[in-house]
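Colleague: Below are the sequence and a predicted model; questions follow.
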Amino acid sequence: MTQMSQPDLVADQSGATIVEFALVVPVLMTLLLGLFDVSYNMYANAILEGAMQEAGRNSTIEDADTGTIDAQVTQQVRRAVGSANVTFARTSYAEFSDVSQPEDYTDVNGDGTCNDGEPFEDANGNGAYDLDRGAAGQGGARNAVVLTATMTFDRFFPIDAFTSLPEKYTASSSTVLRNQPYDINENPPATENCI
């Protein structure tokens, strides 16, 4: 074994490549895993969106079975993401313009809130003033319905081990549709008083 003098040791470049490689590989692998994760999640979102569009069309017909429609969406999503948990929510409204709108009330005292026994229109029939006038469920004839599906699954690529991202990926998709007029909806909203 030969000893190197100090000037030779400083000028020696052997082994520098492996050190540079060791510094670059973790960053490169994190970027690649991140790219794969984003791509896979975008693909899963596209599958969910397509399934929801079809579900929106199918659930507007007379005698539509919401359980069957939910199962079809779940099946389509699970073809791409086998471990996905898919949940559904339906909120019905009298008109499209009612979606995500508060119930109407008369602001007797002018304070901008429904309180002190002020009358309000109980559009969803739950006996309380709500900031969203929708009622849970498929609704009746001519109702506008917001159908929302939420999927949750473990990340396919372990990017969460290297970043602060959550272990599970969650995405949701919504569609708004109108029920067919297979029956006449004659349930006018009741008038209640604010608390």
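Modeller: All right, it came through fine. Numbering: from 1, shown residues only.
Colleague: Would you tell me which helix is longest in this protein?
Modeller: Among the elements of the chain assigned as helix by DSSP state H, the one spanning the most residues is helix 16-58.
Colleague: worst-scoring helix or strand of this structure, pLDDT-wise?
Modeller: helix 6-11 (a mean of 62; mean pLDDT, DSSP states H and E).
Colleague: Distance-wise, check the nearest residue in space to Glu167 that is not next to it in sequence relative to Val146.
Modeller: Leaving aside its sequence neighbours, Glu167 sits nearest to Asp160 (C-beta to C-beta, 6 or more residues apart in numbering; 4.8 Å). For glycine as for every other residue, the C-beta is placed from the backbone atoms N, C-alpha and C. Asp160 sits 31 Å away from Val146, going by C-beta to C-beta, to the nearest Å.
Colleague: For the two, indicate the residue with more neighbours.
Modeller: Taking other C-beta atoms under 10 Å, Asp160 and Val146 do not tie; Val146 has more neighbours (19 against 16).
Colleague: any weak-confidence spans in the protein?
Modeller: The model of the chain has pLDDT under 70 over residues 1-13, 60, 62-63, 182-188.
Colleague: In three-state terms, label the residue nearest to the spatial centre of it for me.
Modeller: For the chain, the residue nearest the mean C-alpha position is Ser172 (2.0 Å; C-alpha atoms, centre = their mean). Using DSSP: H, G, I helix; E, B strand; the rest coil, the structure places Ser172 in strand.
Colleague: Could you do the one 3 residues further on as well?
Modeller: For Thr175, the secondary-structure state derived from three-state DSSP is strand.
Colleague: Any figure for the gap between it and Ala71?
Modeller: From Thr175 to Ala71 the distance is 17 Å (C-beta to C-beta).
Colleague: Is Ala64 in contact with Arg57, as I believe?
Modeller: No. Contact criterion C-beta atoms under 8 Å: Ala64 and Arg57 do not qualify, at 9.9 Å.
Colleague: Those two: who's more crowded?
Modeller: For Ala64 versus Arg57, the count of surrounding residues by other C-beta under 10 Å is larger for Ala64: 16 against 13.
Colleague: can you pull the contacts of the more buried one?
Modeller: Asn58, Gln138 (C-beta atoms under 8 Å, 6 or more residues apart in numbering).
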